[in-house]
Each structure stands twice: as structure tokens, then as C-alpha cells.
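# I would like the atomic coordinates for the input below:
(2 chains)
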There are 2 protein chains.
Amino acid sequence: MYVQRPIAILDSGVGGLTVVREVMRQLPREKVIYFGDTARTPYGPRPAEEVVRFTREIVTYLMQYNPKMIIIACNTATAVALEEIRSVVDVPVIGVINPGARAAINSTKSGVVGIIGTVGTVRSRAYEQALKRLNPNIHVASLACPLFVPLVEQGNFHSPETFHIVEDSLTPLKEIPLDTLILGCTHYPFLSESIGRAVGPGVQLISSDNETAREMSTILQETGKLASQAELPVHRFFCSGDPALFKSIAQQWLGKQIELTPVVWQIPQIGNH
Amino acid sequence: MYVQRPIAILDSGVGGLTVVREVMRQLPREKVIYFGDTARTPYGPRPAEEVVRFTREIVTYLMQYNPKMIIIACNTATAVALEEIRSVVDVPVIGVINPGARAAINSTKSGVVGIIGTVGTVRSRAYEQALKRLNPNIHVASLACPLFVPLVEQGNFHSPETFHIVEDSLTPLKEIPLDTLILGCTHYPFLSESIGRAVGPGVQLISSDNETAREMSTILQETGKLASQAELPVHRFFCSGDPALFKSIAQQWLGKQIELTPVVWQIPQIGNH
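Residues are numbered from 1 along each chain as shown, chains lettered A, B, ... in the order given. Sure, this is the predicted structure:
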């Protein structure tokens, strides 16, 4: 039956697990299949055409499980590959940028919104465009934080060194009168404690994870596609890199045992088409 | 062009203006046409079949303006008429119940959610069903507050008497360990200051207005139907009752002059089909 088909969630690594956790919390009946491309993370510094190619490979892999919806839970991939993926599959495809932009517009009172993300996401100006598409009066300040993803992929969330790196990285935003800060990378919610301390209590943090799961819920419900079985689903996880590290981070973040299948890419990982 | 068509918002009276204000804030490019059925407000105590008939009449009236989407900004009408309206028009129809339920699930940590609404809304159990449809583990406590709508329709938002009526009405919820309270009637955000004082700072208030405008934004954007003109739209308002009272409340709430057209129903207002 259509509605019992899984939700496919993909990311460059472990960052998209933040979306998985929110789906489990907000929609516990939905079955998730997750792909973390940990062998090729991070996507942030890569050329756009490479990110598009990697995203297409993962989507092709996940389509064999017949998902009813695809979530691109990676800001870099959303920024450069969302439209192309939408054009090649026949199920709804949701990125993480529109939900975050919408939540920021909902939150801000000053009309000044900050965005932190990878180099690729900030360079794409995708958040700025998404914000101004909804409301042309919003002021936007963007900052790339290239040190954050490696901290998360190493599982280093709460150390004093992490806090110092976070605080130093965010210094350029100190002078800007923003009241809302978009965590424009699905890895960043792992660091939200440090980020919140660094920017202070007057700044509302917007997490893509929460907002994306919520928009997924809206679209599934309004199109009559919510899952309805009584028993809890068993999720499936795939990763292209070190399975032990992925499993450790996933189980710590999700608070439960997971079923993980390592994937070895058959195709060249570096180079042109 | 499709996307420049207006959003039609309808309500039993002035309550749906809270949704209009949120649409103006979140999506300033969207043109709104609003119908307040102030001659026949409140809908809460009326039989379901009468509310369905009134809602159909208003939708028929608004369809002459060729809207791209219909928002039923009345909880009572959403509870009893949403599915029927969906079956008779060929544009998306959004109610206020699913958005409020979704936001409450997103907000609650204790898993105990309160709902206040009209007698009709509470009797329909529509919020309870919507919450459990998304997450079967949520606990729900519902309370009808029939005195609130008349306070709002009279424009009596901030008086000490209003606070006493609100506090007295909410007494039955005092014993329940809820951390989230759905304002299950679009009139109630006018009273949110008093309601917040009565339930205390540990309870997150969920307003249908905000959440419904946000879901409208999600659906318009994901289906490529956001308005895109540069100039600000001129909204249009219709009411079936006293135009001076409607205009006064609308202009106070929206903070701007409005263009109002009184409507005299040609059809019998009381009685059977």
C-alpha cells in the first residue's frame, strides 16, 4: 500500500540523522531508510557538479526500496541538486532549505536573519534566495563555518575545544543585530548547545532537522500519504564509509540500536563523469 | 497567471483575521480575500449540518474571485466541513486543525497536550483524532470555552473582566500536567495574553493562525504557486453582519485601513435546507 512505503533520507554523512531523529519523534509510524555518504563527506567544499552526481547516485540506490518521498537532508546537496533530483524521480522531493527559511521568517521580529553553513551552501546563496522569495523585506547575514562538519563527523560534540572553535567561528556575527540564526547544515544541531552559548539567549536557533520533518509531515498529511500501521517500523541505514563510526554516532544520537548495511560504491569516487 | 490568484480565507466572524495577519507577515506578496460571517457568528454552538451549509455558501461566494487556495480559518467549520468542501472545489483546501495538531506535537516534551475550543470543536474530537493520527502516544485533554468567542466578537480583549472570565474558564486544566495548549479557535489569539497569564509560563501556547499561515506557505511553495509580483497586494474583506464593528476590529488587529464590502445573504439564514 502506498502510504506504508518508506521515507528515504540522504546526507553527505551523519548530519541527516538529526532529521531522522525528528521524524521518529514527530511521526513515529513512518519507516525511514537513510543513506550517509560518509566515504565522501564533507560535500561542502566540493564543486557543485560533483555534489549533483553524488546525490543522483544515492537517490538511484535508494529508489530500489520504493520510497514514497525523498528528503535531501544535506544543505549543500539541497542547494545545488534539489531541482535536478525533482526532475528525475516521480515522488515528492523535499530539501532542508525552504523549511529552514520559512521557520526563520516565522521567528524573526527584527527582520534580520543570520545563516551559518558550509562554504558550498553559503556560496550558493540558496538561503538568501529562499528567504527573499517568501518575504523580500528580510535582511540576511551569511557566514561559512567550515570547521563544524569535521567536529561532528568525529563525534566531538561537547568538548571545551569544540566550544572554543564554535565561538571563534561565530565572531563575525557578533556585530549584526540578528534575532534568528538558521543552522544551515544538518550537522549543526549536534553543536547547538555550543552555538547557543556563543550567540546568546536573544537569538533563536532554527534547526533544519525539526523544520524539515515538520514540512514532511504537512505534505504527507495534505496528500493523504501518512503511514497508518499500528506497529512501530524498523528503519534501515546505509553508509559508504566506516560502519563502526557511523553506527556509534547513529546509536548515540538516536538512542537505540540500528540495522546498518555498509555500501561499497562500484563507481569511481573521484573525477569527472 | 495562476500564482497571482488570491488566497480565500473564511471564518464565522472576525477570528480568521488572526490568520490574515499572519499571512500578511509571513507572505506579504499574497493577496487575501476574507469572508467573516458575522451575521451568523458564533458557529460553535450550531448543529454540524448547519455549519456545513453555511461554509458551503461562503465558499460558493468566494469562488467567484477565482482563488488558488481556500483556508477554512474556523475550527468549528474545519472540524465538520473540511472534507465536504474538499470534495466540491478543485483548489487545495486547508483547515486550521491539522496545522495546530502538528505544531503541538512538535512542541510537547511531556506528551500531554491541552486543547481549548468551542463546544462544537471539542465535541467533534477533531483535534484529538488529528493528534493521534500523527502520533498515537500523545495524551490529550480538551475543554470547551464558550464564553471566549463573544468576548472577542465584542472587541473586549484586555479588560480585567476578560482576564477573570478566561482564568475561571481554564480552571479545569489546572490539575493536568500539560506543557502545550492548542488555542483551538481562531478567536483565541486575541485573548492570548490573558490565556498565557492564566496557564503560566510553563505552557507553550499554539496558535492556529501562525501555524496555518505557515502550512499554507509550505504547500504553495512546494507546489510552485507562491505569488511573485513586486508590488504589495490590496486585500479585500467581506462580512455579513455589522460593517462598522467588523471594520473597527479588523483595522485595529491588522494595523491598517481595509477595503470592506458588506454582504447581504439572499438565502434564509435560519432553518433547514
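# for the closest residue to residue A:170 other than its chain neighbours, grab the count of nearby residues.
Spatial nearest neighbour of residue A:170, excluding adjacent residues (CB to CB, 6 or more residues apart in numbering or on different chains): residue A:198 at 4.8 Å. Using the backbone N, CA and C atoms, a C-beta is placed for each residue, glycine as well. Neighbour count for residue A:198, taken as other CB atoms under 10 Å in any protein chain shown: 21.
# and the one 5 residues further on, by the same measure?
Around residue A:203 sit 17 other residues, with neighbours defined as other CB under 10 Å.
# before we move on, what about residue A:255?
Residue A:255: 8 neighbours (other CB under 10 Å).
# distance check, it against residue A:17.
Look at residue A:255 and residue A:17: by CB to CB, to the nearest Å, they are 11 Å apart.
# hang on, isn't residue A:27 packed against residue A:218?
No: using CB atoms under 8 Å, residue A:27 makes no contact with residue A:218, being 10.9 Å away.
# for the stretch 101-250 of chain A, what spans make up the strands?
A:112-117, A:139-144, A:180-183, A:204-207, A:236-239 (DSSP state E, counting those that start in this stretch).
# mind listing the strands the second one pairs with, and their directions?
Listed by DSSP bridges, the sheet partners of strand A:139-144 and their directions read strand A:112-117 (parallel).
# quick one: the strand it pairs with to chain centroid distance?
16 Å (CA atoms, centre = their mean, to the nearest Å).
# kindly report the residues of the stretch 51-200 of chain A close to chain B.
By CB under 8 Å from any CB of the partner chain, the residues of the stretch 51-200 of chain A that approach chain B are A:92, A:94, A:98-99, A:102-103, A:105-106, A:133-137.
# rebuild these as a markdown table, extending it with neighbour count.
A markdown table is the format used below for these (neighbours: other CB atoms under 10 Å in any protein chain shown):
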| residue | neighbour count |
| --- | --- |
| A:92 | 18 |
| A:94 | 26 |
| A:98 | 25 |
| A:99 | 30 |
| A:102 | 25 |
| A:103 | 22 |
| A:105 | 24 |
| A:106 | 20 |
| A:133 | 15 |
| A:134 | 23 |
| A:135 | 20 |
| A:136 | 11 |
| A:137 | 9 |
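# narrow those to those in helices?
Residues of these located in helices (DSSP state H): A:98, A:99, A:102, A:103, A:105, A:106, A:133, A:134.
# of those residues, closest to residue B:126?
residue A:106 (23.9 Å; CB to CB).
# please name the nearest non-neighbouring residue to that closest one.
Per CB to CB, 6+ apart, closest to residue A:106 is residue B:214, 5.7 Å.
# then residue A:261?
Residue A:261 sits nearest to residue A:238 (CB to CB, 6+ apart), 5.1 Å away.
# so what are the domain limits for chain A?
Following automatic domain parsing, chain A resolves into domains at A:7-95+A:210-266, A:97-208.
# which parts of stretch A:215-229 are buried?
A:215, A:216, A:217, A:218, A:219, A:220, A:221, A:222, A:225, A:226, A:227 (16 or more other CB atoms under 10 Å in any protein chain shown).
# do that stretch and chain B come into contact?
Yes: Stretch A:215-229 is in contact with chain B by CB under 8 Å from any CB, via A:215, A:217, A:218, A:219, A:221, A:222, A:226.
# and the least confident of those?
The member of these with the lowest pLDDT is residue A:222, at 87.
# related to what we said a few turns ago, let me have the residues of the stretch 51-200 of chain A next to chain B in TSV, extended by pLDDT and distance to residue B:161.
Listed next are those as TSV, based on pLDDT from 0 to 100; distance: CB to CB, whole Å:
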residue	pLDDT	distance to residue B:161
A:92	94	50
A:94	96	48
A:98	95	44
A:99	95	42
A:102	94	38
A:103	93	37
A:105	94	36
A:106	90	33
A:133	92	45
A:134	92	40
A:135	92	38
A:136	92	43
A:137	91	39
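# and these, which is closest to residue B:160?
residue A:106 (32.0 Å).
# how about the closest one, what does it touch?
Applying CB atoms under 8 Å, 6 or more residues apart in numbering or on different chains to residue A:106 gives the contacts B:26, B:210, B:214.
# does residue A:35 count as helix, strand or coil?
Counting by DSSP: H, G, I helix; E, B strand; the rest coil, the backbone at residue A:35 sits in strand.
# hey, what's it bridged with?
With DSSP bridges as the rule, residue A:35 is bridged to residue A:10, residue A:238.
# check contacts around it.
A:8, A:9, A:10, A:11, A:58, A:61, A:62, A:237, A:238, A:239, A:240, A:263.
# helices or strands up against the helix or strand of chain A with the lowest mean pLDDT?
The weakest-scoring helix or strand in chain A, judged by mean pLDDT, DSSP states H and E, is helix A:148-153 (a mean of 87). Applying 3 or more CB pairs under 8 Å, 6 or more residues apart in numbering or on different chains; DSSP states H and E, one finds that helix A:148-153 contacts helix A:160-170.
# only C-alpha atoms, please: export the helix it packs on in CSV.
Extracted in CSV, the C-alpha atoms of helix A:160-170 (Å, rounded to 0.1, in the frame of the first residue of the first chain):
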residue,chain,number,x,y,z
PRO,A,160,35.8,22.7,25.6
GLU,A,161,37.8,22.7,22.3
THR,A,162,34.6,22.4,20.4
PHE,A,163,33.1,25.4,22.2
HIS,A,164,36.2,27.5,21.5
ILE,A,165,36.1,26.6,17.8
VAL,A,166,32.4,27.4,17.6
GLU,A,167,32.8,30.7,19.5
ASP,A,168,35.8,31.8,17.3
SER,A,169,34.0,30.9,14.1
LEU,A,170,30.9,32.9,15.0
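# okay, and for the stretch 151-273 of chain A, where does confidence drop off?
Applying pLDDT under 70 to the stretch 151-273 of chain A flags residues A:266-273.
# where's residue A:251 relative to residue A:27, distance?
For residue A:251 relative to residue A:27 (CB to CB), the value is 21 Å.
# more neighbours: these two, which one.
More neighbours surround residue A:27 than the other of residue A:251 and residue A:27, with 23 against 14 (other CB under 10 Å).
# helices along the stretch 151-273 of chain A, start to end?
Applying DSSP state H, counting those that start in this stretch to the stretch 151-273 of chain A gives helices spanning A:160-170, A:192-199, A:208-222, A:243-254.
# and residue A:251, what does it touch?
Counted by CB under 8 Å, 6+ apart, residue A:251 has contacts A:257, A:258.
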